[in-house]
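Peer 1: dropping a prediction and its sequence here:
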Amino acid sequence: MKSNIFIPEKINVGFQNRSDTYTKKLAYIIYYDQKGVLRKETSWNSWREKKIENVITENVPTSGFVLNKKAGGYDTGWNHRQTYCRVYDPRGFEFEITIPNLLYILENTTSTKGKGLEGDFVYGWDGKDLVLIPTDSPDYKELTEFNKLVHSKSSIKSKDLIIGATYLTNQNEKIIYIGRFDAYGYYGENEGLHFWFYKQNKDDNFIKYKSIGGKIISCIDDNCIGNYSEIFDKLECNSYYSPYDVNKDIYELRTLEDFELQFKEKTSYWWDRVFYGNINGYYEKLEAKEYSSLNNTELKNKNGFYVRPKSQNDYTYEGDYWRGNRKYIFIEPLFSGTIEEIYNNFKPSLKCQYLKNNKLYRKDKN
């Protein structure tokens, strides 16, 4: 279960008459957020039958929930309905949860025939989706602590940010404050000063905010993280911190072993044989292909590889298609030979791209 699920203090329940439910009415549940705003009110009002009085109740741990029946799961013409599971709330109404939510519940509690689900439950929202959360689940304690901070409306002001300190966001993510620097857009345009943070996960990514109002809810550790300098080095190699400068491109000669490896791995795909090659002192994107890949019997039987510009097709044609005299002609390549001969002739290289701050951005084989 996601760690940023919002658990409201109050819920608001609207109803439709439904003959296929145990209680003869189906519920649509919405909630009040930490600011007291009723979320999803417009769609809720358009769905519910206003002649049935709505119910506002505290969202406290409650027992007595019962799994009822499958709902939806059909596809008729333009009428698509995802599969849901209907659940009975002991306060006298039925509602629907998703199948992933049902599986999570069954992983963390027991459903007894005739008695229902064991234990207490609360309502939560994962974005726009309602989830029923068992209080015995391992995630509940962490979610409760996170939601206490959300409901306290605590937030960190920009003037209180500490370089290298670790903070908690309103999405329950731990991030490290790096500093306030200019940020650049995709095309290198300056977007002005931003607050930069680092999220240490499998992607090692940076987050930038023009304003942090309400986004940072707690300081977890005000000590500077031990590897701050290493993180800052990564930031300096980020193109949103310093834009890419095409004028700083250089080409680094590859080893023969590395070039040969490119031909041995996944050689059935043309893009695995594309490389930057030196032609009369200028580097171009070239492509080496096996003769055996050609649709030409005579040439197909030749051994080795031929090299052509990446932008060039293998064939052109002459004649008129409609008159039936169209003839395909193989375009003579720049070069043909073994991998080693191609290497010696074109000096395959890596394209090294640099940022305006002279930091290496990336090395591109093709």
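Peer 2: Here it is on my side, so go on.
Peer 1: quick one, helices of the stretch 201-350 of the chain?
Peer 2: In chain order, the stretch 201-350 of the chain shows helices spanning 228-236, 256-264, 297-300, 339-346, with DSSP state H, counting those that start in this stretch as the criterion.
Peer 1: nearest to residue 44, out of the ones you listed?
Peer 2: Closest of these to residue 44 is helix 228-236, at 43.7 Å (criterion: CB to CB). Heads up, the C-betas are built off the backbone N, CA and C, glycines and all.
Peer 1: which helices and strands does that closest one pack with?
Peer 2: strand 174-184, strand 190-199 (3 or more CB pairs under 8 Å, 6 or more residues apart in numbering; DSSP states H and E).
Peer 1: please tell me how far the closest residue to residue 348 other than its chain neighbours sits from residue 253.
Peer 2: Closest residue to residue 348 apart from its sequence neighbours, by CB to CB, 6 or more residues apart in numbering: residue 275 at 4.4 Å. When CB to CB, to the nearest Å is the yardstick, residue 275 and residue 253 sit 12 Å from each other.
Peer 1: try residue 212
Peer 2: 46 Å.
Peer 1: please apply the same query to residue 189.
Peer 2: Taking CB to CB as the measure, residue 189 and residue 253 are separated by 34 Å.
Peer 1: more neighbours, those two?
Peer 2: When neighbours are counted by other CB atoms under 10 Å, residue 253 comes out ahead of the other of residue 189 and residue 253, with 13 against 9.
Peer 1: do a quick rundown of the helices in the stretch 1-150 of the chain.
Peer 2: With DSSP H, counting those that start in this stretch as the criterion, the stretch 1-150 of the chain has helices at 41-47, 99-108, 140-151.
Peer 1: so this structure: which segments form each domain?
Peer 2: Structurally, the chain divides into domains by automatic domain parsing as follows: 10-148, 154-242, 248-364.
Peer 1: nearest to residue 4, of those?
Peer 2: Among the domains of the chain, the nearest to residue 4 by CB to CB is domain 154-242 (4.1 Å).
Peer 1: common neighbours of residue 275 and residue 253, please.
Peer 2: Taking CB atoms under 8 Å, 6 or more residues apart in numbering as the contact rule, the neighbours common to residue 275 and residue 253 are 348, 349.
Peer 1: tell me which residues in stretch 200-210 are buried?
Peer 2: When burial is assessed from 16 or more other CB atoms under 10 Å, stretch 200-210 yields the following buried residues: 206, 207, 208, 209.
Peer 1: just stretch 331-338 next, same as before
Peer 2: With burial defined by 16+ other CB under 10 Å, the residues of stretch 331-338 counted as buried are 333, 334, 335, 336, 337.
Peer 1: could you do stretch 338-346 as well?
Peer 2: For stretch 338-346, by 16+ other CB under 10 Å, it's 339, 342, 343, 346.
Peer 1: name the residues that touch that stretch?
Peer 2: Residues from elsewhere that reach stretch 338-346, judged by CB under 8 Å, 6+ apart: 256, 259-260, 263, 275, 277-279, 286, 288, 304-305, 307, 335, 337, 348.
Peer 1: give me phi/psi at residue 118?
Peer 2: Residue 118 has phi and psi values of phi -80, psi 140 when expressed as degrees, to the nearest 10.
Peer 1: low pLDDT regions in the stretch 101-250 of the chain?
Peer 2: Of all residues in the stretch 101-250 of the chain, those with pLDDT under 70 make up the ranges 202.
Peer 1: check contacts around the residue lying farthest from the centre of the chain.
Peer 2: Relative to the centre of the chain, and counting by CA atoms, centre = their mean, the farthest-placed residue is residue 323 at 52.4 Å. The contact partners of residue 323, taken as CB under 8 Å, 6+ apart, number zero.
Peer 1: got it, and residue 18?
Peer 2: Going by CB under 8 Å, 6+ apart, residue 18 touches 24, 25, 26, 94.
Peer 1: burial check on the residue nearest to residue 108 when sequence neighbours are not counted, number of neighbours?
Peer 2: Leaving aside its chain neighbours, residue 108 sits nearest to residue 137 (4.1 Å; criterion: CB to CB, 6+ apart). Applying other CB under 10 Å, we find 18 residues neighbouring residue 137.
Peer 1: ok, now residue 349?
Peer 2: For residue 349, the neighbour count with other CB under 10 Å is 19.
Peer 1: and what of residue 52?
Peer 2: If you count neighbours by other CB under 10 Å, residue 52 ends up with 13.
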